[in-house]
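Kindly generate the corresponding structure for this input.
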Amino acid sequence: ILTHPDYIDGNPDLIKPKKLLNPVKASKSHQELHRELLMNHKRGLGVESKPELQRVLEHRRRNQLIRQKKEEEEAKKLQSPFEKELLKRHQRLDQVELNNRESSFLQLEKEQEKQEDHAPEFIKVKENLRRT
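Numbering: from 1, shown residues only. Here you go, the predicted model:
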């Protein structure tokens, strides 16, 4: 019941259709990955071991991060005296602000304790009952 396509007849005037390529399978990275998986399978290596390409990329990233940290440290060393003094003042201001926050927090706690001390006895007993 199925009709045969016209291009099978061998008519030279007709353009024969070509099978479309899968863009994923045609990509270079997919081919390399597939080749590497086949090689690992032949060697008996598991999938858990990292491929060479991934190891090289991670090594490059790690080296780049190390290089970047070294550059930052060198930049800190090359700071002018003015920049160093500004940094010290900024750190002192941060420390003072932190101390002020802690002292205000302690004052709030003390005020709450005083309010609890002035509370009637039945409220204290009720709170103790809730806790137990």
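
Could I get the full set of helices for the chain?
Listed in chain order, the helices of the chain (DSSP state H) span 23-26, 28-43, 52-77, 81-118, 121-131.

Need the pLDDT of the spatially most central residue of the chain.
Geometric centre of the chain, nearest residue: residue 61, 13.8 Å, by Cα atoms, centre = their mean. Residue-level confidence at residue 61 comes out at 95, pLDDT.

In TSV: the helices of the chain, plus distance to residue 17.
The way it works is simple: take the backbone N, C-alpha and C, and place the C-beta from them, glycine included. Converted to TSV, the helices of the chain look like this (distance: least, Cβ to Cβ, whole Å):
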stretch	distance to residue 17
helix 23-26	18
helix 28-43	24
helix 52-77	36
helix 81-118	70
helix 121-131	81
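
Relative to residue 13, tell me which of these wins on proximity.
The minimum distance between residue 13 and the helices of the chain falls on helix 23-26, with 29.9 Å, by Cβ to Cβ.

in the closest one, what's buried?
Counting neighbours by 16 or more other Cβ atoms under 10 Å, one finds that helix 23-26 has no buried residues.

per-domain residue ranges of this structure.
30-78, 81-131 (the TED database).

Could I get those in a markdown table, plus columns for distance to residue 19?
A markdown table is the format used below for the domains of the chain (distance: least, Cβ to Cβ, whole Å):
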| stretch | distance to residue 19 |
| --- | --- |
| domain 30-78 | 17 |
| domain 81-131 | 66 |
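
if we compare those, which one ends up closest to residue 22?
domain 30-78 (9.0 Å).

Quick check: end-to-end length of that closest one?
47 Å (Cα to Cα, to the nearest Å).

likewise stretch 20-39?
27 Å.

What's the mean pLDDT across it?
pLDDT averaged over stretch 20-39 gives 87.

got it, and stretch 92-110?
88.

and that stretch, how far out from the chain's middle?
Taking the mean of its C-alpha atoms, stretch 92-110 sits 34 Å from the chain's own mean (Cα atoms, centre = their mean, to the nearest Å).
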